[in-house]
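Engineer: Need a 3D model of the sequence below.
(2 chains)
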Protein chains: 2
Amino acid sequence: MPFPLPATVFLHPNGEMDGRTRRYQKRFNDLAGLFLDEEAFRTVAAERGDVVAYQVDEYRPSDRAGDVIFGTSTLEPGRIGEEFLFTRGHIHALGDRPEIYLCQSGRGVMLMELEDGTIRAEEMTPGKLVYVAPFWIHRSVNVGDEPLVTLFCYPADAGQDYGIIERAGGMAALIVPDGADGWKQVPNPRYRPRSAAGAA
Amino acid sequence: MPFPLPATVFLHPNGEMDGRTRRYQKRFNDLAGLFLDEEAFRTVAAERGDVVAYQVDEYRPSDRAGDVIFGTSTLEPGRIGEEFLFTRGHIHALGDRPEIYLCQSGRGVMLMELEDGTIRAEEMTPGKLVYVAPFWIHRSVNVGDEPLVTLFCYPADAGQDYGIIERAGGMAALIVPDGADGWKQVPNPRYRPRSAAGAA
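Structural biologist: Residues are numbered from 1 along each chain as shown, chains lettered A, B, ... in the order given. Okay, the predicted model is just below:
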């Protein structure tokens, strides 16, 4: 395969990226099973099941080791029960590959977790960039009132494993309102440590 | 070496990056020999030799293959003779490693060149992101009136070769005013094709 050529893309303030090679969208219906409050989810899905919850525009020059993939993620605001709306989340299939996220607009949390359940949550506001280190599962959470727009970049051979969160009953922490216009993390009652999940 | 941990940095509008692991600065005196008009350079250097022409703030989690390095570059506006001020420029020591640059503020040109002298120049304005493909020598040029601030990200094992430009008498094109508040590229009269330079 020949090497890719130089390219330019344009990031609009609303998160759309001109020049992308791919766009994917997750609608509320696609998020079934991810939130603790299943009744609240059914209510939202009945009203807005076909509405886009988040959208990813990416530019993928190649899948070659040593190349990079970049793009934008735009996550709507809102809550499902007590939980702020989040992206499905993943760990890289090549687990030692990192990722960076630069907050362009909105207010969010990058929720990160090691396989043993260790949690780290970093607030994202415009200008804040989070380095998601190797081997950290990660998910974006919108804790604000407007769309959360981030720029991401990661090694092109990283790949994604989305099942690692599902196998544990979700991530170990939930991000919920703190009662004072902010957010806090609380334990996820459905979380099962991955060693036990593996034995089940 | 253990794997790095998650980290956050903050990008200020002026290009400074809180949380950086390294900053380096190039002063006008450090740019001797890079511009065609040597008399104009001497005049600028006499007046502002110790002034910072550009500054790079970086976050380097590791140098490991598969990791990424990111940061900000802030290039002052100005001209040396006819040429707009530019960064020294480089190709990656591992030539097949790409780099992305997102313009945060200001107005610039990403000047790219293949080893055979093929030139590509892409204008950078806020929101524009340039993917510098593998094997393209690249340099930032400030064609505006305010500092050019960019965010960059590249594979951590890429390395830099700065000599490839010097060996050819500069890049094949110069970026100069077009006489109408814009810029244009013109041939560099000092440029020597690299095959000939190698034989010299």
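Engineer: And the contacts of the longest helix seen in chain A?
Structural biologist: Under DSSP state H, the helix in chain A containing the largest number of residues is helix A:38-48. Contacts to helix A:38-48, defined as C-beta atoms under 8 Å, 6 or more residues apart in numbering or on different chains, come from residues A:Phe28, A:Asn29, A:Leu31, A:Ala32, A:Phe35, A:Gly78, A:Arg79, A:Ile80, A:Gly81. (C-beta placed from N, C-alpha, C; glycine too.)
Engineer: ok, and of those, which contact chain B?
Structural biologist: Checking the contacts of helix A:38-48 against chain B by C-beta under 8 Å from any C-beta of the partner chain, not one of them is in range.
Engineer: Make a markdown table from these and add neighbour count to it.
Structural biologist: A markdown table is the format used below for the contacts of helix A:38-48 (neighbours: other C-beta atoms under 10 Å in any protein chain shown):
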| residue | neighbour count |
| --- | --- |
| A:Phe28 | 22 |
| A:Asn29 | 15 |
| A:Leu31 | 20 |
| A:Ala32 | 12 |
| A:Phe35 | 20 |
| A:Gly78 | 15 |
| A:Arg79 | 16 |
| A:Ile80 | 23 |
| A:Gly81 | 15 |
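Engineer: Which ones among those residues map onto strands?
Structural biologist: Judged by DSSP state E, strands contain the following of the contacts of helix A:38-48: A:Arg79, A:Ile80.
Engineer: Would you convert the contacts of helix A:38-48 into a markdown table that also reports distance to A:Asp145 and pLDDT?
Structural biologist: Formatted as a markdown table, the contacts of helix A:38-48 follow (distance: C-beta to C-beta, whole Å; pLDDT from 0 to 100):
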| residue | distance to A:Asp145 | pLDDT |
| --- | --- | --- |
| A:Phe28 | 18 | 98 |
| A:Asn29 | 23 | 98 |
| A:Leu31 | 20 | 97 |
| A:Ala32 | 25 | 97 |
| A:Phe35 | 19 | 98 |
| A:Gly78 | 9 | 98 |
| A:Arg79 | 11 | 98 |
| A:Ile80 | 16 | 98 |
| A:Gly81 | 18 | 98 |
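Engineer: Between the contacts of helix A:38-48, which sits nearest A:Pro177?
Structural biologist: The nearest member of the contacts of helix A:38-48 to A:Pro177, counting by C-beta to C-beta, is A:Arg79 at 7.7 Å.
Engineer: Report the contact partners of the residue lying closest to that closest one once chain neighbours are set aside.
Structural biologist: Using C-beta to C-beta, 6 or more residues apart in numbering or on different chains and skipping residues adjacent in sequence, the residue nearest A:Arg79 is A:Leu85, 6.6 Å away. Neighbour list for A:Leu85: A:Ala53, A:Tyr54, A:Leu75, A:Glu76, A:Pro77, A:Gly78, A:Arg79, A:Val141, A:Asn142 [criterion: C-beta under 8 Å, 6+ apart].
Engineer: A:Met17: neighbour count?
Structural biologist: By the measure other C-beta atoms under 10 Å in any protein chain shown, the count of residues near A:Met17 is 24.
Engineer: Which residue is the nearest non-sequential neighbour of it?
Structural biologist: Using C-beta to C-beta, 6+ apart, the closest residue to A:Met17 is A:Asp57 (3.7 Å).
Engineer: What residues are bridge-paired with the one you found?
Structural biologist: A:Asp57 has the following beta-bridge partners by DSSP bridges: A:Arg23, A:Thr72.
Engineer: and if you look at A:Pro187?
Structural biologist: Listed by DSSP bridges, the beta-bridge partners for A:Pro187 are A:Ala173.
Engineer: Assess the claim that it and A:Val176 are in contact.
Structural biologist: No - with contact defined as C-beta atoms under 8 Å, A:Pro187 does not count as touching A:Val176 (10.8 Å).
Engineer: Nearest residue to A:Arg190 in space, please, no chain neighbours.
Structural biologist: Here the residue nearest A:Arg190, using C-beta to C-beta, 6+ apart, is A:Gly169, at 4.0 Å.
Engineer: same deal with A:Glu82?
Structural biologist: A:Val176 (4.5 Å).
Engineer: Contacts only, for that neighbour.
Structural biologist: A:Glu82, A:Glu83, A:Phe84, A:Trp183, A:Lys184, A:Gln185, A:Val186.
Engineer: ok, back up a step: from A:Tyr131, how far off is the residue nearest to A:Met17?
Structural biologist: Using C-beta to C-beta, to the nearest Å, A:Asp57 is found at 21 Å from A:Tyr131.
Engineer: Kindly report the same for A:Asp63.
Structural biologist: 22 Å.
Engineer: out of those two, which sits in the busier spot?
Structural biologist: A:Tyr131 (23 against 12).
Engineer: any idea which element that one lies in?
Structural biologist: strand A:128-132 (DSSP states H and E).
Engineer: That strand pairs with which strands?
Structural biologist: In the sheet, strand A:128-132 lines up against strand A:99-105 (antiparallel), strand B:7-11 (antiparallel) (DSSP bridges).
Engineer: Now render these as JSON lines, adding mean pLDDT and distance to B:His90.
Structural biologist: Listed next are the strands paired with strand A:128-132 as JSON lines, based on pLDDT from 0 to 100; distance: least, C-beta to C-beta, whole Å:
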{"stretch": "strand A:99-105", "mean pLDDT": "98", "distance to B:His90": "21"}
{"stretch": "strand B:7-11", "mean pLDDT": "98", "distance to B:His90": "22"}
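Engineer: Now for A:Leu94: which residues touch it?
Structural biologist: Counting by C-beta under 8 Å, 6+ apart, A:Leu94 makes contact with A:Pro155, A:Asp157, A:Ala158, A:Gly159, B:Gly66.
Engineer: Only whichever of those are buried, select them in ChimeraX.
Structural biologist: In ChimeraX, this line selects whichever of the contacts of A:Leu94 come out buried by 16 or more other C-beta atoms under 10 Å in any protein chain shown:
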select /A:155,157,158 /B:66
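Engineer: The contacts of A:Leu94 in strands, which ones?
Structural biologist: Of the contacts of A:Leu94, the ones assigned to strands by DSSP E are A:Pro155.
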